[in-house]
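> Sharing a sequence plus its predicted fold:
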Amino acid sequence: MAPIDFWYSIGSTYSYLTVMRLADVAKRTGATFNWRPFNVRHVMTLQNNIPFKDKPVKTAYMWRDIARRAERFGLTPRLPAPYPLPGLVLANQVATLGVEEGWCEAYTREAYRLWFEMDEPAGQEPNLTLAITHAGADPARVLSEARGPRIEDKLQRETETAMRLGIFGSPTFAVGDEIFWGDDRLDDAIEWARRTA
C-alpha cells in the first residue's frame, strides 16, 4: 500500500476525530501515515476562507457533527471545546519539531486529548508542558527550540508545500498528488493507497 501523508493542523476541530483514531486505523488496515503538521490558519487567511467566524449556526452544526462522529468512534469529548486556539502556530511548531525527533504523534494525540476532553487549549499552558512531557521530551528545551527561527521556517515551508499540493483545510490525506479533505474521507484515501501500491 502506498504511504499516506496526513496533513493536519492542531487547531482544526475535525482533526480531533482523525488524530485520536489514526493509530487504530493504521493497525487495522495496514496503512502507513506520515504526520505532516502545517499552519491551516495561514492557508485559510490567504484564501479568505474562515469557515466558522461570525457564523453561529454553522458553528453549532460543527460541534453537533463532531459529537455524533465521536460517539461512533468511541471518543468522549467535552463539547464545545475552547475554540479558536490563540496558540495554534506554537502548537504546530512543537509538532514540527516532534516530526524531526520522532514524538510528533504522541504529542499531537495528547494535545488533542487535553484540549477536547479536559478543556485545556492546545498551544497554551498547561497543555504544552503536559503534552510534551507525555511524548517523552523536555518541555523547556522543546519550547525554546520550537519558538526559534529554524522551526518557524520549517513550519512555513511545510505550509507552502501543502498549498502547492492544493491543500486548503485540515485534516487532508494525500497519496502522491491525490488529496482527500476531511476526516470523513479517510477511508477513501486508504482505498486509493491500496490501488496505487
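Noted; the coordinates are in hand. Numbering: from 1, shown residues only.
> Now find how far off-centre the lowest-mean-pLDDT helix or strand in the chain is within its chain.
None of the helices or strands of the chain scores lower by mean pLDDT, DSSP states H and E than helix 40-46, at a mean of 85. Using C-alpha atoms, centre = their mean, to the nearest Å, the mean C-alpha position of helix 40-46 is found 14 Å from that of the whole chain.
> and if you look at stretch 177-193?
That offset, for stretch 177-193, works out to 15 Å (C-alpha atoms, centre = their mean).
> Stretch 5-12 now?
3 Å.
> Could you number the chain from 32 rather than 1 from now on?
Yes, from this point I'll number from 32; that puts the last item at stretch 36-43.
> So which residues make contact with it?
The contact list for stretch 36-43 (C-beta atoms under 8 Å, 6 or more residues apart in numbering) reads 46, 49-50, 53, 64-72, 115-116, 119, 122-123, 126, 139, 142-143, 153-154, 193, 196, 198, 200-206. All C-beta spots, glycine's among them, are computed from the backbone N, C-alpha and C.
> Quick check on these: which are buried?
Using 16 or more other C-beta atoms under 10 Å as the burial test, the contacts of stretch 36-43 include 46, 49-50, 53, 64, 66-72, 116, 119, 122-123, 126, 139, 142-143, 153-154, 193, 196, 198, 200-206 as buried.
> How are the strands of this structure distributed by residue range?
35-39, 64-68, 203-206, 209-212 (DSSP state E).
> What about the residue lying closest to Glu132 once chain neighbours are set aside, how many residues nearby?
In space, Glu132 comes closest to Ala168 once its chain neighbours are excluded; the distance is 6.8 Å by C-beta to C-beta, 6 or more residues apart in numbering. Counted by other C-beta atoms under 10 Å, the residues lying close to Ala168 total 21.
> what do you get for Arg181?
12.
> how far away is it from Tyr39?
21 Å (C-beta to C-beta, to the nearest Å).
> Could you report the distance from the nearest residue to Ser201 once chain neighbours are set aside to Asn70?
Using C-beta to C-beta, 6+ apart and skipping the chain neighbours, the partner closest in space to Ser201 is Ser43 (3.7 Å). Note on Ser43: its distance to Asn70, by C-beta to C-beta, is 11 Å.
> same question, Trp212
Trp212 is 16 Å from Asn70, by C-beta to C-beta.
> which residues touch Val56?
Counting by C-beta under 8 Å, 6+ apart, Val56 has contacts 62, 217, 221.
> Next: Leu106.
Leu106 neighbours (C-beta under 8 Å, 6+ apart): 47-48, 51-52.
> Backbone dihedrals for it, please?
As for Leu106, its main-chain torsions (degrees, to the nearest 10) stand at phi -90, psi 150.
> re earlier: wait, which of the contacts of Leu106 is closest to Leu159?
When these are compared for distance to Leu159 (C-beta to C-beta), Tyr47 comes out closest, at 17.3 Å.
> The protein: helices as residue ranges?
46-50, 53-60, 71-77, 87-103, 119-132, 135-149, 158-165, 170-177, 180-196, 217-226 (DSSP state H).
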